[in-house]
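A.B. asks: With the input below, show me the fold.
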Amino acid sequence: MKAQTSSPYRRGFTLIELLVVITIIVILAGLSMGGYGYIVRKQADSQAAIQISLLSKALEEYKLDNGAYPDSVLGNRGLFDALYNVGASANPPGKIYLAALDPKDRSQGWVEPAGGPFSKLVDPWGNEYIYTTGSTSKNPDFDLLSKGKDGLTGTTASSADDIDNY
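C.D. replies: This is a model prediction of the structure:
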């Protein structure tokens, strides 16, 4: 006759043990998602700052060739035309000051819509960059501004996430 060595009860996890494990998993998932959101936000901020820097350098090169910065009366659309040289009025004709502005190359994602006569420069959040020159700008040369994630500018609270060159 064989001796019974195991308990008559089934072995397994209790309800409390399962709840503790599920709670720990939920807490870890929440922490990692919060960290991911922060990383995505910082990446967009960095991307906007890099784009503004690239635009600033292209504007300086434009000034060297043409003697002045593009007129800001046409705003964002005029900035795109001047730097990517869509119009024939640029001097020298056919010069591209910033090749990354090619509307057919969607890898950068800062020209909307892709191609077409109404392309404009947009920041990582889809807002148009603001370009000003002359007496309306804070810099003596030109201003470039991204409104940031909230898409607002003007007040201290709404300007906290703005990214600019001044």
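A.B. asks: Past the helix or strand of the chain with the lowest mean pLDDT, which element shows up next along the chain?
C.D. replies: One helix or strand of the chain scores below all others by mean pLDDT, DSSP states H and E: strand 111-112, with a mean of 74. Proceeding N to C from strand 111-112, the next assigned helix or strand is strand 120-121, under DSSP states H and E.
A.B. asks: mind listing what's buried in stretch 68-83?
C.D. replies: Tyr69, Pro70, Ser72, Gly75, Asn76, Arg77, Leu79, Phe80, Asp81, Ala82, Leu83 (16 or more other CB atoms under 10 Å). Just so you know, the C-beta spots here come from the backbone N, C-alpha and C atoms, and that holds for glycine as well.
A.B. asks: cool, and stretch 59-67?
C.D. replies: For stretch 59-67, by 16+ other CB under 10 Å, it's Leu59, Tyr62.
A.B. asks: Same check on stretch 126-145?
C.D. replies: For stretch 126-145, burial by neighbour count (16+ other CB under 10 Å) applies to Asn127, Glu128, Tyr129, Ile130, Tyr131, Thr132, Thr133, Ser137, Phe142, Asp143, Leu144, Leu145.
A.B. asks: Over to stretch 150-166?
C.D. replies: Neighbour-count burial for stretch 150-166, counted by 16+ other CB under 10 Å, picks out Thr153, Asp161, Asp162, Ile163, Asp164, Asn165.
A.B. asks: How about residues contacting it?
C.D. replies: By CB atoms under 8 Å, 6 or more residues apart in numbering, the surrounding residues in contact with stretch 150-166 are 45, 48-49, 52-53, 56, 123, 125, 127, 130, 138-139, 142-149.
A.B. asks: Tyr36 and Gln43: what is the separation?
C.D. replies: Tyr36 is 11 Å from Gln43, where distance means CB to CB, to the nearest Å.
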